[in-house]
Structure formats: C-alpha cells, structure tokens
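>>> Predicted coordinates and the sequence they were generated for:
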Amino acid sequence: MLNSRTNRELCLDRAAVARAEAEVATLPNVRDRCLRAEAAWTEMADRAERTERMRAKLQAGANFSASPFMQ
C-alpha cells in the first residue's frame, strides 16, 4: 500500500524534527544549523502546498474542459 502522506506533510515533519533538535542543542553552531534546516524544510512545505493547489486547479480545469457537455 502506498504512503498517503503528502510531500508537504513530510516536509513539515522534518521541520519539526529540526526545531526539536535546535531546542536541545548545546552548541550555538549546531543550534543555528538546525534552525536553518527548519527554515528550509518549512519553505519546501510551502512550495509543496502551492504545487498541490496548482495541480488540483489544473486538474479541475482539465476535467471541466473534457466534459461531454462542453462539446
């Protein structure tokens, strides 16, 4: 069975892990690295969400134009 999690959800999970790692980091450079990773994962989640919305919109338009009533 395929995993039903979206790319957005996976990115948000990775961002949460990076945030948790930053909270427990004792070295400033490690904390900074984790916070940069969190920011990157969050940005990827935002992009994935935009992509999902655009894909759904395009699919809805394709389904509408393929309707037999439109011919």
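Received it, and whenever you're ready, just let me know what you need. Numbering: from 1, shown residues only.

>>> So which elements touch the longest helix that the chain contains?
Within the chain, and with DSSP state H defining each element, the longest helix by residue count is helix 28-65. When contacts are defined as 3 or more CB pairs under 8 Å, 6 or more residues apart in numbering; DSSP states H and E, helix 28-65 sits against helix 7-24. In short, each C-beta sits where N, CA and C put it, glycine included.

>>> Number of residues surrounding residue 21?
Residues near residue 21, counting by other CB atoms under 10 Å, number 16.

>>> how much space is there between it and residue 53?
Relative to residue 53, residue 21 is positioned 30 Å away (CB to CB, to the nearest Å).

>>> Residue 5 too?
For residue 5, the distance to residue 53 - CB to CB - is 17 Å.

>>> Mind pulling up the pLDDT for residue 59?
Per-residue confidence (pLDDT) for residue 59: 89.

>>> burial measure for it, as a count.
Taking other CB under 10 Å as the criterion, the count of residues near residue 59 is 10.

>>> now do residue 25
15.

>>> what's near enough to touch it?
31, 34 (CB atoms under 8 Å, 6 or more residues apart in numbering).

>>> May I have the phi/psi pair for it?
For residue 25, the backbone dihedrals (degrees, to the nearest 10) come out as phi -70, psi 140.

>>> Give me the pLDDT for it.
Reported pLDDT for residue 25: 98.

>>> And it, how far from residue 7?
Taken as CB to CB, the span from residue 25 to residue 7 is 27 Å.

>>> now residue 17
For residue 17, the distance to residue 7 - CB to CB - is 16 Å.

>>> Of all the residues in the lowest-mean-pLDDT helix or strand in the chain, which ones are buried?
Ranked by mean pLDDT, DSSP states H and E, the weakest helix or strand in the chain is helix 28-65, scoring a mean of 93. Burial within helix 28-65, assessed by neighbour count using 16 or more other CB atoms under 10 Å, is assigned to 34-35, 37-38, 41-42, 44-45, 48-49.
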